[in-house]
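Asks: no letters, just coordinates:
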């Protein structure tokens, strides 16, 4: 694929690696806040203000099974932010400032949750934007990174990484194992990836069936609860068909959220209770 070193990353399909090293079913979720970024409301919400900026949390979630755990998203690679020259080269956008709290928020919060990285069966990214791919640096070859085939093709076809808001190097690291999915895919009992393309060509969300409720991790198909409650797509899309797909994704998430026993989590809403609780507890 264009721009990729075939010796640096192993790429395979879901059928070739299933099942994952997970036992039983999902027992709990561990919400994580691993950074912050100022985002115009219009990026997150179609029709939103481009003058009003939101300090949005950058989030991830660990899904803990009876045996093993699974990670969705991972925030920034802190090295890109802490190294001054690398930060300037990576994030030279007008009115954009990525923020990572002290330490390594992803690693530190995983440890605080009592989880062992050696028990991580796999990780996934909702999409390839740089505020979601930072955990790839932590994965061993037997801990694959799952993304939609359409997203992988989008990364490979990208000519201007700055314009696409991604770092291909995050996903072509030596020793990283990439697994591609095709649309809705059952990953394990109680864990399903669902196609919510639009924000990017291969955006995916995740449905987690717990004993008492079902939680859907919307990713950037719904940055804010208003995307979900009003069924309004995100304001930032890719491709001519992006806006229509984003609206379809928002409608799908809205319908899921209206289903009894189902709760859809927005990825970047600073007022959403799971993220707000973390922010307030660490102050």
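Replies: In hand now; what should we look at? In this text the structure is predicted, and so the values were computed from the model without any measurement.

Asks: go through stretch 110-128 and flag the buried ones.
Replies: Along stretch 110-128, the positions that meet the burial threshold by neighbour count (16 or more other Cβ atoms under 10 Å) are 110, 115, 120-128. All C-beta spots, glycine's among them, are computed from the backbone N, C-alpha and C.

Asks: grab the longest helix from the protein for me.
Replies: Secondary structure assigned by DSSP state H gives helix 242-257 as the longest helix of the chain.

Asks: which SSE is immediately downstream of it?
Replies: Counting by DSSP states H and E, the next helix or strand C-terminal to helix 242-257 is strand 262-265.

Asks: following that following strand, which helix or strand comes up?
Replies: Sequence-wise, the next helix or strand beyond strand 262-265 is helix 273-281, with elements assigned using DSSP H and E.

Asks: what mean pLDDT does that following helix get?
Replies: Confidence for helix 273-281, expressed as mean pLDDT, is 95.

Asks: who's in contact with that helix?
Replies: 31-33, 57, 59, 109, 265, 269-270 (Cβ atoms under 8 Å, 6 or more residues apart in numbering).

Asks: again with stretch 130-142
Replies: Judged by Cβ under 8 Å, 6+ apart, the contacts made with stretch 130-142 from elsewhere in the structure are 10, 34-35, 37, 58, 60, 71, 73-80, 90, 98, 106-107, 117, 120, 123, 125-126, 145, 165-167, 170-171, 173, 175-177, 219-220.

Asks: before we move on, the earlier item: for the buried residues of stretch 110-128, give me JSON lines that also has secondary structure and distance to residue 51.
Replies: Supplementary listing: the buried residues of stretch 110-128 in JSON lines, determined by DSSP: H, G, I helix; E, B strand; the rest coil; distance: Cβ to Cβ, whole Å:
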{"residue": "110", "secondary structure": "helix", "distance to residue 51": "37"}
{"residue": "115", "secondary structure": "coil", "distance to residue 51": "41"}
{"residue": "120", "secondary structure": "strand", "distance to residue 51": "41"}
{"residue": "121", "secondary structure": "strand", "distance to residue 51": "44"}
{"residue": "122", "secondary structure": "strand", "distance to residue 51": "41"}
{"residue": "123", "secondary structure": "strand", "distance to residue 51": "36"}
{"residue": "124", "secondary structure": "strand", "distance to residue 51": "34"}
{"residue": "125", "secondary structure": "coil", "distance to residue 51": "30"}
{"residue": "126", "secondary structure": "coil", "distance to residue 51": "27"}
{"residue": "127", "secondary structure": "coil", "distance to residue 51": "26"}
{"residue": "128", "secondary structure": "coil", "distance to residue 51": "28"}
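
Asks: perfect, I'm done here.
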